[in-house]
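# can you look at this prediction? I've put the sequence above it.
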Amino acid sequence: MTAAENVCYTLINVPMDSEPPSEISLKNDLEKGDVKLKTEALKKVIIMILNGEKLPGLLMTIIRFVLPLQDHTIKKLLLVFWEIVPKTTPDGRLLQEMILVCDAYRKDLQHPNEFIRGSTLRFLCKLKEAELLEPLMPAIRACLEHRHSYVRRNAVLAIYTIYRNFEHLIPDAPELIHDFLVNEKDASCKRNAFMMLIHADQDRALDYLSTCIDQVQTFGDILQLVIVELIYKVCHANPSERARFIRCIYNLLQSSSPAVKYEAAGTLVTLSSAPTAIKAAAQCYIDLIIKESDNNVKLIVLDRLVELKEHPSHERVLQDLVMDILRVLSTPDLEVRKKTLQLALDLVSSRNVEELVIVLKKEVIKTNNVTEHEDTDKYRQLLVRTLHSCSVRFPDMAANVIPVLMEFLSDNNEAAAADVLEFVREAIQRFDNLRPLIVEKMLEVFHAIKSVKIYRGALWILGEYCSTKEDIQSVMTEVRRSLGEIPIVESEIKKEAGELKPEEEVTVGPVQKLVTEMGTYATQSALSSSRPTKKEEDRPPLRGFLLDGDFFVAASLATTLTKIALRYVSLVQEKKKQNSFIAEAMLLMATILHLGKSSLPKKPITDDDVDRISLCLKVLSECSPLMNDIFNKECRQSLSHMLSAKLEEEKLSQKKESEKRNVTVQPDDPISFMQLTAKNEMSSKEDQFQLSLLAAMGNTQRKEAADPLASKLNKVTQLTGFSDPVYAEAYVHVNQYDIVLDVLVVNQTSDTLQNCTLELATLGDLKLVEKPSPLTLAPHDFANIKANVKVASTENGIIFGNIVYDVSGAASDRNCVVLSDIHIDIMDYIQPASCTDAEFRQMWAEFEWENKVTVNTNIIDLNEYLQHILKSTNMKCLTPEKALSGYCGFMAANLYARSIFGEDALANVSIEKPIHLGPEAPVTGHIRIRAKSQGMALSLGDKINLSQKKTSL
């Protein structure tokens with residue numbers, strides 16, 4: 001075992017630029033210096049020993065001149081020194097000088113100062129030499145009776161480690177500690193003693209617990225935590241003990257310590273699946289979430305509730321607690337609220353949906369009165385979506401929800417209003433009985449809508465679902481009110497003329513005459529330059545949108561007017577009224593076209609919008625039955641198809657979820673007998689405490705592939721050639737935030753290689769944690785060198801370096817073998833994720849880094865190419881399967897992934913099959929990648945470029 005591999009308890013930073021002190025100067029300082037000088041010299045000695053220096057000549061100097069000193073700093077440093085200094089001769093026997101050291105520590109264990117006693121006892125926990133500990137045993141035992149708790153608790157720890165390592169030195173330790181525990185009053189001492197009994201003699205620990213099981217609630221929280229751990233271990237090893245201790249766990253749910261409550265609830269769930277136990281544990285979790293101020297704690301405990309819900313029998317119990325879970329919404333943090341709403345939605349049933357909707361409605365109204373906070377809008381969106389889901393699953397609730405939500409169509413926040421509109425559109429299509437209510441409410445809020453996007457949606461809904469003569473008249477009235485005075489061009493010019501100063505009126509007169517019959521202007525620039533800026537507020541909403549140049553809403557209005565006009569004709573038999581209504585609709589369209597061609601709007605009307613409005617005018621002028629069908633039947637059928645496809649998709653995903661959760665037992669499954677089961681075979685036998693400790697240390701065992709050897713071999717990178725004097729290969733193990741390189745170095749020469757050092761450097765966002773220590777390799781010998789690299793962000797990184805060594809007896813300089821580069825793959829950090837279309841669009845607009853990759857592949861099928869890209873980039877396709885099905889020669893899909901560092905990556909695939917090049921022509925097109933950081937966008941682009949050129953199997 002090399003010095004570098006010895007267990008190290010203390011790490012001390014070394015300034016590299018300073019000159020290392022000589023042994024003589026150190027000896028001088030330790031002998032003749034004052035306390036301050038001796039302290040500095042001792043620190044230097046410790047650093048040198050940690051760096052591999054032996055310094056055997058200083059051992060006696062320190063024993064003679066430093067050990068007798070009573071200074072506390074020096075005593076503390078000496079503990080570190082004796083911990084790291086070699087205590088044995090090369091043949092393994094204890095050094096004679098250590099007897100003197102042992103005597104000094106026996107005196108320290110009887111020192112009147114409790115700090116010196118306690119720190120000496122802590123040091124003894126780290127000693128691995130039984131000969132040194134044997135003379136100290138009476139003094140250690142005596143420390144159990146010391147008046148100060150610091151000494152007593154460290155004495156317990158010292159006895160525990162000595163008993164664990166050298167049982168023969170103190171064979172009666174469990175009995176001694178049990179007697180100590182019975183009489184002890186201090187919480188920390190009791191905790192250490194009880195902890196020792198759990199690991200050294202569980203029966204004694206249980207005997208003690210049985211005697212004081214009724215007083216457990218009065219104990220300190222550190223002791224309560226250890227008791228929970230003991231009960232967990234005992235009940236899992238011996239299930240018959242459950243009845244004896246489960247009452248104790250119930251009592252600990254009422255503990256004043258949040259940590260104890262959390263552990264007790266977790267233990268109770270694993271010990272019992274009775275509804276009362278699950279309810280008590282869930283109630284305890286909910287109380288913890290509400291009372292704890294730390295959002296991270298809230299999220300962790302919410303995760304435990306979500307885990308409980310995954311169990312089918314526990315889900316029924318949690319359904320009764322939905323209202324309690326909703327109390328968590330009082331937390332201002334958006335992540336906590338999001339998780340809470342999702343959990344409540346998963347648990348909602350016909351029994352509690354009414355109460356849930358009432359609470360959510362109150363929350364929605366509350367967000368309206370709150371002074372605008374950046375998360376208020378997002379929270380409102382979450383609530384709207386939750387109410388939407390409730391109404392779809394429980395149609396009876398829709399009538400209560402819709403009137404409240406429709407108030408938000410006039411909200412300034414477009415995202416929340418868009419969610420409400422989507423909900424209203426689905427509700428009006430699905431629930432025929434609610435159509436009159438929705439149309440009435442929509443007409444009420446129509447005039448107050450502020451966003452053009454919401455306005456377009458509202459127009460579509462009114463045009464599609466107004467079925468009575470009165471409603472159609474109301475829509476027309478609202479549209480006229482929203483457009484203001486018509487014709488728009490003339491009224492705007494008059495208004496401007498009225499607002500101009502008297503001396504400027506002369507110039508406006510002729511401009512008015514220059515409006516030709518065709519609606520064009522002869523001097524557009526003159527008119528626009530003389531137009532003063534005007535307050536926007538006094539304009540009706542639709543007029544405002546049009547004057548701002550947004551004519552897409554005009555195309556939507558034209559479609560709506562056409563629909564209601566055609567429907568009006570079928571409802572009203574009187575020819576005069578029919579013609580009057582159609583004429584009014586055509587007048588509105590004509591005046592909008594006129595406005596679009598004029599110079600009044602900020603942006604002129606687009607050709608597409610002109611075509612759409614002209615088409616609507618033509619349809620109204622002819623009123624053919626075919627057009628009537630297209631406008632009034634086909635549109636609604638398209639929506640119906642889309643909604644049913646969406647519902648089908650949701651049901652399919654829910655079915656998959658439930659199939660995952662329902663563990664079915666097949667008739668031919670083997671029966672597992674607990675007594676005959678190997679420990680690693682039973683999931684319920686896994687020690688939760690051990691697992692959580694491993695998780696905290698980052699040592700979670702990830703499930704390897706079916707053949708672990710094969711998966712490991714895939715990650716081995718050859719670093720040097722087979723003919724090089726030193727052969728090296730590395731196994732690259734990626735463990736979330738760090739990379740472990742396990743490098744095998746083989747000496748292929750017949751010489752001994754001295755100071756064989758692996759020198760590494762990194763490129764990208766990687767950082768080498770420590771420099772590997774040098775080795776000596778015998779002829780044809782091999783060794784493993786480990787190196788840790790920290791990763792800071794999702795970027796392709798490169799590790800490069802060389803191996804340098806000296807050949808014993810050779811006069812030449814150091815030899816060097818250059819290593820091949822190790823490329824760290826970005827795919828180890830990217831995981832598929834999902835987001836809504838709206839979130840995707842928002843991120844797409846926000847992210848500034850874009851990388852456009854040209855498709856260059858030999859794959860000839862569009863869908864096959866998409867699947868190949870998904871597989872090689874670890875991204876998830878957000879475009880639904882139905883949208884990608886069929887064959888039309890081109891394909892567009894959105895992809896999304898998230899890195900373990902929380903960075904988002906978006907991609908848009910636009911590919912086509914060039915038909916003119918024949919059936920065997922490869923796919924062409926582009927992939928656009930967007931990310932917040934440049935590294936992510938470039939790395940993902942490189943990955944796609946590399947992988948798309950591979951031959952498709």
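Received it, and whenever you're ready, just let me know what you need.
# going by C-alpha atoms from here, please, whenever you check contacts or count neighbours.
Noted.
# wait, residue 892 sits on residue 907?
No: in this structure, residue 892 is not within contact of residue 907 by C-alpha atoms under 8 Å, at 10.6 Å.
# of those two, who's got more company?
residue 907 (26 against 17; other C-alpha atoms under 10 Å).
# quick check: closest non-adjacent residue to that one.
residue 929 (4.3 Å; C-alpha to C-alpha, 6 or more residues apart in numbering).
# against residue 575, how distant is residue 46?
Residue 46 sits 107 Å away from residue 575, going by C-alpha to C-alpha, to the nearest Å.
# neighbour count: the two, which is higher?
Neighbours per residue, other C-alpha under 10 Å: of residue 46 and residue 575, the larger number sits with residue 46, 20 against 9.
# where does the more buried one fall, secondary structure wise?
helix 35-50 (DSSP states H and E).
# show me what that helix is in contact with.
Identification of contacts with helix 35-50 by C-alpha atoms under 8 Å, 6 or more residues apart in numbering yields 12, 14, 21, 26, 29-31, 55, 66, 71, 73-74, 77-78, 80-81, 84-85.
# avg pLDDT for it?
Helix 35-50 comes out with an average pLDDT of 85.
# buried ones in it, by neighbour count?
Buried residues in helix 35-50, defined by neighbour count with 16 or more other C-alpha atoms under 10 Å: 35, 38-39, 41-50.
# can you give me the buried ones in the helix or strand following it?
Later in the chain than helix 35-50, the nearest helix or strand by DSSP H and E is helix 58-65. Buried positions in helix 58-65, judged by neighbour count with 16+ other C-alpha under 10 Å: 59, 61, 62, 63.
# can you tell me which of those residues lies nearest to residue 492?
Ranked by distance to residue 492 (C-alpha to C-alpha), the buried residues of helix 58-65 are led by residue 62 at 100.1 Å.
# and that closest one, what does it touch?
residue 30.
# ok, it to residue 85 distance?
12 Å.
# quick one: stretch 903-918 to chain centroid distance?
Centre-to-centre, stretch 903-918 and its host chain are 29 Å apart (C-alpha atoms, centre = their mean, to the nearest Å).
# likewise for stretch 354-372?
Worked out by C-alpha atoms, centre = their mean, stretch 354-372 lies 27 Å from the chain centre.
# what does it rub up against?
For stretch 354-372, the external contacting residues (C-alpha under 8 Å, 6+ apart) are 322-323, 326, 348, 376-377, 379-380, 383-384, 387, 390, 397, 401, 404.
# next, the buried residues of stretch 309-319.
Across stretch 309-319, burial judged by 16+ other C-alpha under 10 Å covers 309, 310, 314, 315, 317, 318, 319.
# among those, which one sits closest to residue 487?
For the buried residues of stretch 309-319, the nearest to residue 487 is residue 319 (60.1 Å; C-alpha to C-alpha).
# about what we covered before: return the closest of the buried residues of helix 58-65 with respect to residue 864.
Closest to residue 864, out of all of those and judged by C-alpha to C-alpha, is residue 59, at 73.1 Å.
# can you check the pLDDT for the closest one?
So, for residue 59, pLDDT stands at 81.
# for it, which non-adjacent residue is spatially closest?
Per C-alpha to C-alpha, 6+ apart, closest to residue 59 is residue 97, 8.0 Å.
# could you count how many residues lie near that neighbour?
Neighbour count of residue 97, defined by other C-alpha under 10 Å: 13.
# then residue 882?
Residue 882: 10 neighbours (other C-alpha under 10 Å).
# ok, now residue 379?
Neighbours of residue 379 (other C-alpha under 10 Å): 21.
# report the contact partners of it.
Residue 379 neighbours (C-alpha under 8 Å, 6+ apart): 334, 337, 338, 367.
# where do the helices sit along the stretch 851-953 of the chain?
According to DSSP state H, counting those that start in this stretch, the stretch 851-953 of the chain carries its helices in the segments 862-873, 881-884, 934-948.
# mean pLDDT lowest where, among those?
Among the helices of the stretch 851-953 of the chain, helix 881-884 scores lowest, with a mean of 74.
# distance from it to the middle of the chain?
That offset, for helix 881-884, works out to 28 Å (C-alpha atoms, centre = their mean).
# next one: stretch 549-567
How far stretch 549-567 lies from its chain's middle: 44 Å, per C-alpha atoms, centre = their mean.
# now swap in stretch 121-128 and tell me
42 Å.
# got the end-to-end distance for it?
14 Å.
# for stretch 444-459, same thing?
Note: stretch 444-459 ends 13 Å apart using C-alpha to C-alpha.
# now do the buried residues in it.
So, applying 16+ other C-alpha under 10 Å, buried residues of stretch 444-459: 446-452, 454-459.
# re earlier: residue 755 is nearest to which of the helices of the stretch 851-953 of the chain?
Here helix 934-948 is closest among the helices of the stretch 851-953 of the chain (C-alpha to C-alpha), at 37.3 Å.
# what sits up against the closest one?
The contact list for helix 934-948 (C-alpha under 8 Å, 6+ apart) reads 794-796, 826, 849-853, 855-857, 868-869, 872-873, 905, 929-931.
# that helix versus helix 862-873: what angle between them?
130 degrees (axes from the mean of the first three to the mean of the last three C-alpha atoms, to 10 degrees).
# chain center to helix 934-948, what's the gap?
Counting by C-alpha atoms, centre = their mean, helix 934-948 comes out at 22 Å from the chain centroid.
# likewise for stretch 317-327?
So, by C-alpha atoms, centre = their mean, the centroid of stretch 317-327 is 25 Å from its chain's centroid.
# pretty sure residue 83 contacts residue 127?
Yes: look at residue 83 against residue 127 with C-alpha under 8 Å: they come within range, at 7.0 Å.
# and residue 888, how many residues sit next to it?
Neighbour tally, residue 888, other C-alpha under 10 Å: 10.
# how about residue 839?
Neighbours around residue 839, by other C-alpha under 10 Å: 12.
# work out for me the element the nearest residue to residue 397 once chain neighbours are set aside sits within.
Once flanking residues are discounted, residue 397 sits nearest to residue 391: 5.4 Å by C-alpha to C-alpha, 6+ apart. Assessed by DSSP H and E, residue 391 sits inside helix 374-393.
# can you check residue 637 too?
Using DSSP H and E, residue 637 falls in helix 635-661.
# any weak-confidence spans in the stretch 701-850 of the chain?
701-712, 736, 793-795, 809-812 (pLDDT under 70).
# one more time with 50, if that's ok
Within the stretch 701-850 of the chain, the stretches with pLDDT under 50 are 701-709.
# where do the strands sit along it?
716-718, 726-735, 738-747, 753-763, 766-768, 775-777, 782-791, 797-807, 815-818, 822-824, 830-832, 849-854 (DSSP state E, counting those that start in this stretch).
# which residues are contacting the fourth one?
In other words, strand 753-763. The contact list for strand 753-763, computed with C-alpha under 8 Å, 6+ apart, reads 747, 768, 771-779, 785, 797-808.
# just the buried ones from these?
By 16+ other C-alpha under 10 Å, these give 747, 768, 772-778, 785, 797-807 as buried.
# now residue 338: how far from residue 320?
Counting by C-alpha to C-alpha - residue 338 and residue 320 are separated by 20 Å.
# by mean pLDDT, flag the weakest helix or strand of the chain.
Every helix and strand of the chain was ranked by mean pLDDT, DSSP states H and E. The lowest is helix 505-513, at a mean of 34.
# quick check: residue 317 vs residue 311, distance?
For residue 317, the distance to residue 311 equals 10 Å [C-alpha to C-alpha].
# next one: residue 850
Taken as C-alpha to C-alpha, the span from residue 850 to residue 311 is 43 Å.
# my guess is residue 169 meets residue 161, correct?
No: taking contacts as C-alpha under 8 Å, residue 169 lies outside contact range of residue 161: 11.1 Å.
# give the contact list for the closest residue to residue 449 other than its chain neighbours.
The spatial neighbour of residue 449 that comes closest, neighbours along the chain excluded (C-alpha to C-alpha, 6+ apart), is residue 410 at 4.2 Å. Neighbouring residues of residue 410 by C-alpha under 8 Å, 6+ apart: 417, 445, 446, 448, 449, 450, 451.
# what are the phi and psi angles of the last one?
So that's residue 451. Dihedral pair for residue 451: phi -100, psi 140, per degrees, to the nearest 10.
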